[in-house]
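[1] sequence and predicted structure, then a few things I'm wondering about:
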Amino acid sequence: MLLRDQALTVLREAIVTGGLAPGAVVKDSELAQRMGLSVAPVRAALARLADEGLVEAKPQSHTRVTPLVPGQVHDAAVVVRAMHEVAVREAVPRLTGEDVAAMRAANDRFAAALEAGDVDAAVAADDDLHGVLVARCGNASVAATVDRFTPAVRRLERRRFAEAHGRRSVELHERLIAACAAADVEDAVATTTDIWTALLSELEDDSDGSR
């Protein structure tokens, strides 16, 4: 793994999990020292995180972790929802029995992680489930867009999975898997829309209506 990618993985994870809190000021030299890296790959990682909307830089001032602004997360979630809808539409006709089994196993892990209160494991299992469809759709642009915008949504998803709302996700996943097993493209797409609309509804509840 390139040093830049190593720094990116560590910093993104710290932001998403709250290790670097919203609004926290970050300094490339301090981060580099903490990770045992030179400044250059850390700066490159911060530039990528700025593109993802996870940090913001003010020239001649500071770089900080972006606040969790519902309107901005909403915009990213709309894009991610659209990409997952495309992925499902293209993937369902191509799914194998092994793919469906992998989705079921991922949802079992997801439910168990929620029951145990393990948010990290819940997020990983959710990624595994939807990742089957993104991978099987074979559209590199869809995959790249999902990778680009998902981190902006992930902080809210983690909070959602830590609360009772995650139980509803298990049920929606089961419905999605059933549609995939039946090769019912329209139902699978509609269920995917429902999954992401539930998240968007929570964003709207968090917002004061200003965008």
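    Arrived safely, thanks for sending. Numbers count the residues shown, from 1 in each chain.
[2] wait, a strand at Thr63?
    Yes: note on Thr63: a strand contains this position according to DSSP: H, G, I helix; E, B strand; the rest coil.
[3] and the pLDDT for the closest residue to it other than its chain neighbours?
    Leaving aside its sequence neighbours, Thr63 sits nearest to Ala57 (CB to CB, 6 or more residues apart in numbering; 4.4 Å). Glycine gets a C-beta too; all of them are placed from N, C-alpha and C. Looking at Ala57, its pLDDT reads 83.
[4] try Val170
    pLDDT, read off for Val170, is 92.
[5] separation between the residue nearest to Thr63 and Leu46?
    7 Å (CB to CB, to the nearest Å).
[6] intersection of neighbour lists for those two?
    Overlap of the contact sets of Ala57 and Leu46 (by CB atoms under 8 Å, 6 or more residues apart in numbering) consists of Thr63.
[7] show me the contacts for the residue nearest the centre of the chain.
    Closest residue to the average C-alpha location of the chain: Thr150 at 3.6 Å, with CA atoms, centre = their mean. For Thr150, the contact set (CB under 8 Å, 6+ apart) comprises 76, 80.
[8] now it: phi and psi?
    Torsion angles at Thr150 (phi, psi; degrees, to the nearest 10) stand at phi -60, psi -40.
[9] Ala57 and Leu46 - which one has more neighbours?
    Higher neighbour count among Ala57 and Leu46: Leu46, with 21 against 13, using other CB atoms under 10 Å.
[10] helices and strands around the strand or helix carrying that one, which ones?
    Element membership for Leu46, per DSSP states H and E: helix 39-51. Applying 3 or more CB pairs under 8 Å, 6 or more residues apart in numbering; DSSP states H and E, one finds that helix 39-51 contacts helix 3-17, helix 28-35, strand 55-58.
[11] try 10 Å
    Applying 3 or more CB pairs under 10 Å, 6 or more residues apart in numbering; DSSP states H and E, we find helix 39-51 packed against helix 3-17, strand 25-26, helix 28-35, strand 55-58, strand 62-65, helix 140-161.
[12] and whatever helix or strand comes next after the longest one, what other elements does it pack with?
    This points to helix 140-161. Per DSSP H and E, the first helix or strand lying C-terminal to helix 140-161 is helix 165-181. Identification of packing neighbours for helix 165-181 by 3+ CB pairs under 10 Å, 6+ apart yields helix 70-91, helix 97-116, helix 119-137, helix 140-161, helix 185-206.
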